[in-house]
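Participant: what's the 3D shape of this:
(one chain, ligands or ions: 1)
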Amino acid sequence: MPYTNPASYDEFMGRWSRRLAPRFAAFAGVRDAERVLDVGCGTGVLSRILLDLEADIEVIGVDPAASYVEYARRVVPSPRARFEIGAADALPFAGKAFDASLSLLVLQEFADAPKAVREMARVTRQGGTVATCKWDFRDGMPMLSLFEQAAEAVAPEALARHRAERVVRPTYDRLEDIAALWEGCGLTELRTAVLELSLEFPSVEDLWLPFLGGSTGFSAFARDLNRETGGAVAKRLREMIEAEYGTSEFMLTARAWAVAGIAAT
Ligand SMILES: C[S@@+](CC[C@H](N)C(=O)[O-])C[C@H]1O[C@@H](n2cnc3c(N)ncnc32)[C@H](O)[C@@H]1O
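Facilitator: Residues are numbered from 1 along each chain as shown. Below you'll find the predicted structure:
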């Protein structure tokens with residue numbers, strides 16, 4: 001399902017990306033005056049962080065979702081940034097065009113991950129960094145797993161149907177699987193990190209309302225299921241959160257895997 005409604009994405013997952021991007025950028029070790037590719041740039045969260053990090057860095061963001069690319073152009077209007085439509089498995093750039101290629105929260109999207117990673121390596125100069133960072137979807141993204149638990153309690157058959165309809169791909173939900181992918185694509189001097197971060201939610205509404213924008217496949221499913229169940233899933237979500245954290249603000253902690261390697265050729 002294509003990504004839609006970029007403004008809603010920014011509220012839904014972008015709030016996590018904004019927290020994660022500086023940690024990932026520091027891990028990747030991007031340096032000033034470098035030309036960096038942001039693969040699956042979405043609304044431009046990582047690109048903006050990279051631009052703020054160093055005075056002379058240049059960023060090119062690429063993403064297949066045209067509405068996200070347009071949005072990124074609008075919200076990241078730097079002369080040092082450019083955003084283009086394109087997908088990772090056929091990057092529209094010459095070989096060795098970048099000093100580094102990064103991708104944040106995108107690996108799960110690739111229909112052919114080895115092909116995409118080889119493309120990232122191809123467009124990176126010899127000695128440059130190719131890095132990725134993705135959620136541990138097994139139990140490291142509580143905003144989504146809390147919803148799944150609520151859906152399981154209220155509409156288990158619908159949840160099972162949704163899971164069965166999902167495109168089955170290698171999920172790279174373990175750090176060593178991502179590292180093996182990097183190694184298999186010829187990247188060397190591998191480095192890995194576990195990035196944990198917390199986000200405060202002033203209320204359950206603050207967590208739930210951005211689901212209703214349906215910007216991602218997951219949030220669109222959540223919105224539709226809640227509608228079909230007459231609001232029962234959101235009600236259950238609220239009960240679960242209040243039972244766990246009380247009725248005031250609460251904090252969720254997420255975990256992401258990060259892997260970086262060096263383009264050897
Ligand atoms: C979860 S979002 C992450 C966006 C952004 N990097 C961030 O951290 O906020 C996933 C992004 O991957 C993009 N995407 C999907 N398939 C892709 C592909 N084959 N190549 C590159 N990007 C892709 C989507 O359009 C979407 O913008």
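Participant: can you tell if stretch 12-24 touches the ligand?
Facilitator: Yes - Stretch 12-24 is in contact with the ligand by C-beta under 6 Å from any ligand atom, via Met13, Gly14, Ser17. Backbone N, C-alpha and C define where each C-beta goes, glycine included.
Participant: Neighbour-wise, which one of those residues leads?
Facilitator: Met13 (25 neighbours; other C-beta atoms under 10 Å).
Participant: Surely it and Leu104 touch.
Facilitator: No - using C-beta atoms under 8 Å, Met13 is not in contact with Leu104, being 10.5 Å away.
Participant: ok, Ala263 - contacts?
Facilitator: Contacts for Ala263 (C-beta atoms under 8 Å, 6 or more residues apart in numbering) come out as Ala121, Thr124, Arg125, Gln126, Gly127, Gly128, Thr129, Val130, Leu187.
Participant: And the last one, how far from Tyr172?
Facilitator: Here the criterion is C-beta to C-beta, to the nearest Å. By it, Leu187 lies 14 Å from Tyr172.
Participant: cool, Asn226 as well?
Facilitator: Asn226 is 29 Å from Tyr172, by C-beta to C-beta.
Participant: List the buried residues for stretch 134-153?
Facilitator: By neighbour count on 16 or more other C-beta atoms under 10 Å, the buried set for stretch 134-153 is 134-136, 140-148, 150-151.
Participant: Stretch 86-93 now?
Facilitator: Gly86, Ala87, Ala88, Asp89, Leu91, Phe93.
Participant: Going along the chain, name the helices of the stretch 51-200 of the chain.
Facilitator: Counting by DSSP state H, counting those that start in this stretch, the stretch 51-200 of the chain has helices at residues 66-75, 113-122, 142-154, 156-165, 175-184.
Participant: Convert the C-alpha atoms of the second one to CSV, please.
Facilitator: It refers to helix 113-122. This file holds the C-alpha atoms of helix 113-122, laid out as CSV (Å, rounded to 0.1, in the frame of the first residue of the first chain):
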residue,chain,number,x,y,z
ALA,A,113,16.3,-5.9,-0.3
PRO,A,114,19.6,-7.3,-1.6
LYS,A,115,18.9,-5.4,-4.9
ALA,A,116,18.2,-2.2,-3.1
VAL,A,117,21.2,-2.4,-0.9
ARG,A,118,23.5,-3.2,-3.9
GLU,A,119,22.0,-0.1,-5.5
MET,A,120,22.9,2.0,-2.4
ALA,A,121,26.4,0.6,-2.6
ARG,A,122,26.7,1.2,-6.3
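Participant: so which of the buried residues of stretch 134-153 comes closest to Gly231?
Facilitator: When the buried residues of stretch 134-153 are compared for distance to Gly231 (C-beta to C-beta), Ala150 wins out at 11.4 Å.
Participant: Pretty sure that closest one sits against Met240.
Facilitator: Yes - using C-beta under 8 Å, Ala150 makes contact with Met240 at a distance of 6.0 Å.
Participant: Figure out which of the helices of the stretch 51-200 of the chain is closest to the ligand.
Facilitator: Within the helices of the stretch 51-200 of the chain, the stretch nearest the ligand is helix 66-75; the backing value is 4.9 Å (C-beta to the nearest ligand atom).
Participant: what does the closest one rub up against?
Facilitator: By C-beta under 8 Å, 6+ apart, helix 66-75 touches 3-7, 9, 41-44, 47-48, 61-63, 83-85.
Participant: so of those residues, which ones are in strands?
Facilitator: Gly61, Val62, Asp63, Phe83, Glu84, Ile85 (DSSP state E).
Participant: Buried members of the residues you listed into PyMOL, please.
Facilitator: Burial among the ones in strands among the contacts of helix 66-75 is assessed by 16+ other C-beta under 10 Å; the matching PyMOL selection reads:
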select buried, resi 61+62+63+83
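Participant: so can I have TSV of the ones in strands among the contacts of helix 66-75 showing pLDDT and distance to Gly214?
Facilitator: Output for those, formatted as TSV (pLDDT from 0 to 100; distance: C-beta to C-beta, whole Å):
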residue	pLDDT	distance to Gly214
Gly61	98	23
Val62	98	24
Asp63	98	18
Phe83	98	23
Glu84	98	25
Ile85	98	21
